[in-house]
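S.K.: what follows is a predicted protein model with its sequence.
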Amino acid sequence: MSAPAPDVITQEVVRARVDGIMREMQAAVMRTGFSTIIRESHDFSAGITDRDGNTVGQHSALLQHRGAYPDCVKGVLQHYPHEAMEDGDCYLISDPYSSGCPHPNDMVVVTPVVVDGEVVAFCSSMGHKSDIGGQSPGSRNAIARDVFGEGLNIAPVRFHRKREPVKEVMQFLTANSRTPELVIGDLNAQAGAMYTIGAGRLKELFAQFGTETVTGAFADTARRTEARVRAAIAEWPDGEAEAEGYVDDIVDKSKAVRIHVRIEKSGDGLVADFSGSDDQSPGPINVRPPFIYGMAQFALIAMIDPNLYGNAGLARTIQFRFRPGSVVNPTYPAPVGFYSMTIPVVEDVLFEAMSKVAGRPLVAHNAPPNLVVIGNVSGGGRRYVQYELLRSGNGAYDGGDGWTGTAHSASGGSKFTSVEIIESEFDAEVERFEIIPDSGGAGKHRGGNGLLRRYRIHSESRFAGGNPRNLRPPHGLAGAGDGAPGGVTVNPGADDEETHLGLISNVPLPPDCIIEARTSGAGGVGSPKERDRRKVVRDLRNGLISRQAAVDVYGLDPQTADDALVPGL
């Protein structure tokens, strides 16, 4: 006789326990990870699915990861059925075309939770890896023209057996990375947390309530979430809204690649139609659909309630249309290494279009992060790859300014690597780290400003990264200005100065050279002439805008501008 369906109180107890388990998994990975990518940048996440890969929950500020875990679990199941799995197993995957991984650098460990000999759930963790081979240190290769040029791709393999690493897997990981100790150290941190905390705590939960009750709670909580979201969507008027944004092509530097979405609302459901987006690029700026699923779920949460549960019920309320061979649904083996420079544009268009459909305030486009990857190739000392995500500015909304130093919202949970960590772990110094005046889009509500970081590199190195929105910067709305473009300059102000726009890789950095990374600013909302004069004065005093912009763009009285710059007045 089957157990009765769990009541709502039991469902909430199970949900809260699962939420706590996910937070513990996340904290354990962060504390035991080897690389600064995990410890400092927090470019990783953890999640729990049911035995079929349906999301039970995911804890991370990198909310687009939520869309990846179902496809990662299903990818593993295509090669290893449930009956082949045992307690203590852990599986590894990074191939973007047979999983939810967005690019080969993001490796996912998948750990089955086994109760009474049956797989009842999976605990998974995705994390960026410092180097997986390829032409450029850090494995960001701007000249890759297929996924094979982006380093090691891993189809689903068994990574641990009875809690012990599989020797052959460790050998091919070691042979395909410039920093194998960091890659393997981070993977073991992920695998350890998924088993000891994730699977261990879930087993306790199943033992306390019973398998049928817990799995029933997973399904019923998802159904309640779906019903709640559909009820909220049903209150919006039926209709459609469109939005578009652009990312610089990595092959044809004069071309901007269009990302377009049309949100269709009918009854209690939504359709996100991306079929109007441009064709896939020959270069690595393409993005696979799973992260777009997660980004759309994030947008729904923002429109309805930030406390919504991020489970399979939320995912069922929105459908998608993609055109095969487009930049947001590339065909194998198109390269995807710099996908993280495109996904912020996907976020922008989703938020812009969905806010129109939902009747929410207008949201301007965010500034994408600058990517900084510096690899030591001097041949002396410790091999390392310095990896940073330089956060920039959020777009303004019709009601408030954008934040500076937070970048696109979905990756706002990843962190700046501190100056102290950079200078203690890498052969580099940070000489400047500051806000760029006038970089945020001018408006009644100002866009968040861009940031500048200048490094002195002491050892021979190679650089990869840059900024992806220069031809068509993050745009403002309702009469506001766009954000300023970003860029990278080697030896600024010197005779041999080199400025690079767009995304680059394998740029030589001789010993004791200077490299300066500048992020974009974000778009504003509304006419700058309508901005509160007190806010203009405050921005001027805080160095967010220049005197010239205060007078010429915002219309501030020249004498008031001069007085604002006098200390003590």
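M.R.: Happy to help now that I have it. Note that the structure is predicted; figures quoted are calculated from it, not measured.
S.K.: all strands of the stretch 201-350 of the chain, in order?
M.R.: 239-248, 256-266, 269-273, 318-321 (DSSP state E, counting those that start in this stretch).
S.K.: so which of the ones you listed comes closest to residue 5?
M.R.: Of all those, it is strand 269-273 that lies closest to residue 5, at 25.4 Å by C-beta to C-beta. (Glycine included, C-beta is placed from N, CA and C.)
S.K.: what are the phi and psi angles of the closest residue to residue 114 other than its chain neighbours?
M.R.: Excluding its sequence neighbours, the residue lying closest to residue 114 (C-beta to C-beta, 6 or more residues apart in numbering) is residue 87, at 4.1 Å. Main-chain torsions, residue 87, degrees, to the nearest 10: phi -60, psi 130.
S.K.: distance of residue 87 from residue 212?
M.R.: Separation of residue 87 from residue 212 (C-beta to C-beta, to the nearest Å) stands at 20 Å.
S.K.: and this protein, what are its domains?
M.R.: In the assignment given by automatic domain parsing, the structural domains of the chain cover 8-226, 361-531.
S.K.: endpoints of the first one, how far apart?
M.R.: For domain 8-226, the first-to-last residue distance is 15 Å (C-alpha to C-alpha, to the nearest Å).
S.K.: roughly how far apart are residue 97 and residue 461?
M.R.: As defined by C-beta to C-beta, residue 97 lies at a distance of 32 Å from residue 461.
S.K.: more neighbours, those two?
M.R.: Remark: of residue 97 and residue 461, residue 461 carries more neighbours, 27 against 16, as counted by other C-beta atoms under 10 Å.
S.K.: now do the nearest residue to the more buried one once chain neighbours are set aside, the pLDDT please.
M.R.: Closest residue to residue 461 apart from its sequence neighbours, by C-beta to C-beta, 6+ apart: residue 509 at 4.3 Å. Note for residue 509: predicted pLDDT of 96.
S.K.: number of nearby residues for residue 509?
M.R.: 23.
S.K.: what does the one 3 residues further on give?
M.R.: The burial count assigned to residue 512 is 11, neighbours taken as other C-beta under 10 Å.
S.K.: quick check: closest non-adjacent residue to residue 308.
M.R.: Per C-beta to C-beta, 6+ apart, closest to residue 308 is residue 301, 4.8 Å.
S.K.: picking up where we left off before, contacting residues around the residue nearest to residue 114?
M.R.: By C-beta atoms under 8 Å, 6 or more residues apart in numbering, the residues touching residue 87 are 112, 114, 199.
S.K.: any idea how far residue 84 is from the last one?
M.R.: The one in question is residue 199. Residue 199 is 17 Å from residue 84, by C-beta to C-beta.
S.K.: with residue 513 instead?
M.R.: 52 Å.
S.K.: cool, and residue 103?
M.R.: Using C-beta to C-beta, residue 103 is found at 28 Å from residue 84.
S.K.: so these two - more neighbours on which side?
M.R.: When residue 103 and residue 84 are compared for neighbours, residue 103 comes out ahead with 27 against 12, by other C-beta under 10 Å.
S.K.: check contacts around that one.
M.R.: Per C-beta under 8 Å, 6+ apart, neighbours of residue 103: 96, 150, 284, 336, 337, 338, 339, 340.
S.K.: hang on, the earlier thing: can you flag which of the contacts of residue 87 belong to strands?
M.R.: Within the contacts of residue 87, residues falling in strands by DSSP state E are 112, 114.
S.K.: looking at the contacts of residue 87, spot the one nearest residue 251.
M.R.: residue 112 (41.3 Å).
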